[in-house]
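**Q** all I have is the shape, not the residue letters:
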């Protein structure tokens, strides 16, 4: 071997070592990244969807969140809660429904499974809203007529309080139409939110203070004509 | 004009038919107790209760049609098809819930929870004399509510601590049935001895018989 060839080989080796010094740390980084426990799709989605706290510039306002009653978990009890709802209907719906899912005072008062994610929310011009929930809503909700009806009522009434423009709500599970929520309650058609009457609770109430009439979640029967009126205008006995 | 033969009235009123619907079945096991242990599942309990109820009801002269007789999956629409093929009957869907006080029963008829109005039934277009499958129950809402009220009174007596009044719920199974239809949800699958629920078959059958007798009693002064 000539001296010249030896020098060239040594130079190449030195270059390779230098290149490795730059390349290896980034390779190592990639490996550690792959080794990290993979986030479930749901958690990842929720992180993307959940409004970031530093964006919470929206003015806080009071809205009723329909968790289960502390005394009687077979009933809903609206709790006036201060939330940065914002002005945009889809954003208001998202903030209120996320609070309904994750913000209950105790685990026993959750009407929806904690793993539930609101994947999408649309509001059409005619007041029909479409809420697309992750399948945790139907898979992890304890099956039963009572539990499923409470879950649907919690969603519709919380939405009705936070976004009065919504007149009808269609619930999707993982982007698909579902026949039932978890085997019992019908999801095939949209829920009429105007039947529930005006949103319960006055916005003047202090945070975390339960309204006195917590037990009856809905203020009685709405006359037939009520359904055709704008939610803002609903007043008992106020005929058109 | 052709003369019709005189109608022969039977000496005794015709037998009532109850369509008993043990919910779930097959891969759909319904509600279950603690998932970590091999606990009781709704589909097995409701089938056992329905079969025992059938024996009790047939003793009382009630015809019983079951929507499933073994651990098979029958769709909601197929169950309704079995029921709707019968001319006259009462539909009773049997469930066991995940919550509530042990060994009590709550009856439901179809409707929004506050009973304000039936949910999104589509109005029948003029000139069309057919009912949408999804709206099958629309003509029976009042009958079903009355049946549920009469039944709940009996349930409250036969199964102590049960509520006094029935509830409305948007139960998919009831929506597609063309009979007075109720769902009974027993509480609850996760209790100390779920097998105790099987003992509710006799009281449930007795409550149904009494409620049906009251339902078929002509009410005086009714419009």
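**A** Perfect, thanks for sending it. As the structure is a prediction and not an experimental result, all values here were calculated from the model.

**Q** after the helix or strand of chain A with the lowest mean pLDDT, heading C-terminal, what element do we hit next?
**A** Ranking every helix and strand in chain A by mean pLDDT, DSSP states H and E puts helix A:41-49 at the bottom, with a mean of 59. Reading on from helix A:41-49 to the C-terminus, the next helix or strand found by DSSP states H and E is strand A:60-68.

**Q** buried sites along that next one?
**A** A:62-68 (16 or more other CB atoms under 10 Å in any protein chain shown). All C-beta atoms are positioned from the backbone trio N, CA, C, and that covers glycine.

**Q** residue B:185 pairs with what?
**A** When bridges are called by DSSP bridges, residue B:185 pairs up with residue B:95, residue B:106.

**Q** how about the contacts made by it?
**A** By CB atoms under 8 Å, 6 or more residues apart in numbering or on different chains, residue B:185 lies in contact with A:144-146, B:95-97, B:100, B:105-106, B:108.

**Q** now the residues you listed as JSON lines including neighbour count and distance to residue B:180?
**A** As requested, the contacts of residue B:185 are exported to JSON lines (neighbours: other CB atoms under 10 Å in any protein chain shown; distance: CB to CB, whole Å):
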{"residue": "A:144", "neighbour count": "27", "distance to residue B:180": "22"}
{"residue": "A:145", "neighbour count": "27", "distance to residue B:180": "17"}
{"residue": "A:146", "neighbour count": "24", "distance to residue B:180": "21"}
{"residue": "B:95", "neighbour count": "30", "distance to residue B:180": "18"}
{"residue": "B:96", "neighbour count": "32", "distance to residue B:180": "22"}
{"residue": "B:97", "neighbour count": "25", "distance to residue B:180": "22"}
{"residue": "B:100", "neighbour count": "23", "distance to residue B:180": "24"}
{"residue": "B:105", "neighbour count": "28", "distance to residue B:180": "18"}
{"residue": "B:106", "neighbour count": "26", "distance to residue B:180": "17"}
{"residue": "B:108", "neighbour count": "28", "distance to residue B:180": "13"}
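
**Q** can you list these in TSV and add distance to residue A:93?
**A** Converted to TSV, the contacts of residue B:185 look like this (distance: CB to CB, whole Å):
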residue	distance to residue A:93
A:144	26
A:145	26
A:146	25
B:95	31
B:96	34
B:97	29
B:100	31
B:105	37
B:106	31
B:108	29
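
**Q** pick out the most distant pair among the buried residues of strand A:60-68.
**A** For the buried residues of strand A:60-68, the farthest-apart pair by CB to CB is A:62 and A:68; their separation is 20.0 Å.

**Q** so what pLDDT did residue A:156 get?
**A** Looking at residue A:156, its pLDDT is 95.

**Q** how close does it get to residue B:131?
**A** In this view, residue A:156 and residue B:131 are 26 Å apart by CB to CB, to the nearest Å.

**Q** of those two, give the one with the bigger neighbour count.
**A** residue A:156 (24 against 15; other CB atoms under 10 Å in any protein chain shown).

**Q** right, I'll call it a day here.
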